[in-house]
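no sequence for this one, just the structure:
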């Protein structure tokens, strides 16, 4: 099966069910919801209406998170390359498909993709790990 | 004046809705309902199809201010539809996977054997598409089913053009392997 045939078949997926939809009824239903369901205000406006106790709780949680992050950062900097060995250990636990997803999520520029010719799945796990580590510096 | 020239563009209708014109919103729904429904049906929506289509437009109109116009409106809607489907599944509903209804099958060929072969291929393709990772599924359907360009797919899915190409080719590779 070639790509054109696949695309032609894909164009038919869900077609009959889509044609069974009533666009006018959908439009009216959507308008009804828009009229009756109030729009959510942005969180920063809603935050202004929180009770004082909730504001204090949120501030306390933020302070704890900040202190924890700072501590972890210090540990990573001073702890004999703590950060350096943590990443490969995690990478080793990933399956090939997961590694490909991670590589994809890095949004590499086109030249790199041209180089691998959209065949990341052809690489072994160790090759993918090496590539990912290389790109992460 | 020919009717086609009088038809307002999506951008004009969007501007109308932002200004509070409900008729503009209704026209956008009429124009794109079937494309959104086709995507959702292919992506695995079953009895929830009506609700999901409504939810997609509802979310789109509520966050219309975030639409930058760099991707086509329809492609942007498809991305919202994909998120609505994902949210539904995350809540534990909509997981019922039923065999594709016969109505989903293309029925254009007259020869009974050809028709049966085509039906079988579409049924298997539908199942294979549902098994793809969500990003590959979305990119594949946006391009193969909706005819979107890589640039607007990348914009709608907030990824790069290169990544969209990779996802598409990985999807094609998997689908061909499944169907052959």
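Everything's here; your move. Since the structure is predicted, the reported quantities are computational estimates derived from the model, not experimental observations. Numbers count the residues shown, from 1 in each chain, chains lettered A, B, ... in the order given.

Quick check: residue B:30 touching residue A:23?
Yes: taking Cβ atoms under 8 Å as the definition, residue B:30 is a contact partner of residue A:23 at 4.2 Å. Yep, even glycine has a C-beta here, placed from its N, CA and C like the rest.

between these two, who's got more neighbours?
residue A:23 (17 against 14; other Cβ atoms under 10 Å in any protein chain shown).

how close does the more buried one sit to residue B:35?
Separation of residue A:23 from residue B:35 (Cβ to Cβ, to the nearest Å): 10 Å.

Quick one: low-confidence residue ranges for the chain.
All of this refers to chain A. Low-confidence segments of chain A (pLDDT under 70): A:39-53, A:78-123, A:127, A:130-131, A:133-137.

ah, I was thinking of chain B
For chain B, counting by pLDDT under 70, the residues that fall below are B:1-5, B:92-111.

hey, where'd the helices end up in it?
Assigned by DSSP state H, the helices in chain B fall at B:3-6, B:10-18, B:22-43, B:49-62, B:73-90, B:112-131, B:134-140, B:150-156, B:161-179.

Quick one: closest of these to residue A:27.
Of all the helices of chain B, it is helix B:22-43 that lies closest to residue A:27, at 3.8 Å by Cβ to Cβ.

Can you name the residues that contact the closest residue to chain B within chain A?
Residue of chain A nearest chain B, by Cβ to the nearest Cβ: residue A:14 (2.9 Å). Counting by Cβ atoms under 8 Å, 6 or more residues apart in numbering or on different chains, residue A:14 makes contact with B:37, B:38, B:39, B:40, B:41, B:42, B:104, B:126, B:145.

overlap between these and the residues near chain A?
Counting by Cβ under 8 Å from any Cβ of the partner chain, B:37, B:38, B:39, B:40, B:41, B:42, B:104, B:126, B:145 from the contacts of residue A:14 sit close to chain A.

For the lengthiest helix in chain A, name the packing helices and strands.
Longest helix of chain A, by residue count under DSSP H: helix A:52-78. The contact analysis (3 or more Cβ pairs under 8 Å, 6 or more residues apart in numbering or on different chains; DSSP states H and E) places helix A:52-78 against helix A:82-92.

swap the cut-off to 10 Å and go again
helix A:43-47, helix A:82-92 (3 or more Cβ pairs under 10 Å, 6 or more residues apart in numbering or on different chains; DSSP states H and E).

Enumerate the positions of that helix that are buried.
For helix A:52-78, the neighbour count (16 or more other Cβ atoms under 10 Å in any protein chain shown) marks no residue as buried.

Show residues contacting the helix or strand containing residue A:26.
Here residue A:26 sits within helix A:23-36, counting by DSSP states H and E. Residues outside helix A:23-36 that contact it (Cβ atoms under 10 Å, 6 or more residues apart in numbering or on different chains): A:22, B:17, B:22-23, B:25-34, B:36-37, B:50-51, B:53-58, B:60-62.

Out of the residues you listed, which end up buried?
Among these, the ones that count as buried by 16+ other Cβ under 10 Å are B:17, B:25-29, B:31-34, B:36-37, B:50-51, B:53-58, B:60-61.

Any figure for the gap between residue A:4 and residue A:10?
Distance from residue A:4 to residue A:10, by Cβ to Cβ: 11 Å.

who touches both of those two?
Counting by Cβ under 10 Å, 6+ apart, the shared contacts of residue A:4 and residue A:10 are residue B:144.

quick one, which of those two is more surrounded?
Legend: neighbour count by other Cβ under 10 Å for residue A:4 and residue A:10, higher for residue A:10 (23 against 9).

so what's that one up against?
Per Cβ under 10 Å, 6+ apart, neighbours of residue A:10: B:42, B:122, B:125-126, B:129, B:140-141, B:143-146, B:171-172, B:175.

How about the closest residue to chain A within chain B, nearest residue that isn't a chain neighbour?
Taking Cβ to the nearest Cβ, chain A has its nearest neighbour within chain B at residue B:41, 2.9 Å off. Leaving aside its chain neighbours, residue B:41 sits nearest to residue A:14 (2.9 Å; criterion: Cβ to Cβ, 6 or more residues apart in numbering or on different chains).

tell me the phi and psi of the one you found?
In terms of degrees, to the nearest 10, the main-chain angles of residue A:14 are phi 70, psi 0.

give the contact list for the residue most central in space within chain B.
With distances taken as Cα atoms, centre = their mean, chain B has residue B:39 as the residue nearest its mean C-alpha position (2.8 Å). By Cβ under 10 Å, 6+ apart, the contact set of residue B:39 is A:13-14, A:18, B:45, B:52-53, B:56, B:74-75, B:77-79, B:81-82, B:85, B:137-138, B:141-142, B:145-146.

one more time with 7 Å, if that's ok
Contacts for residue B:39 (Cβ atoms under 7 Å, 6 or more residues apart in numbering or on different chains) come out as B:78, B:81, B:141, B:145, B:146.

Same check on residue B:52?
Applying Cβ under 7 Å, 6+ apart, we find residue B:52 in contact with B:40, B:45, B:81, B:84, B:85, B:88.
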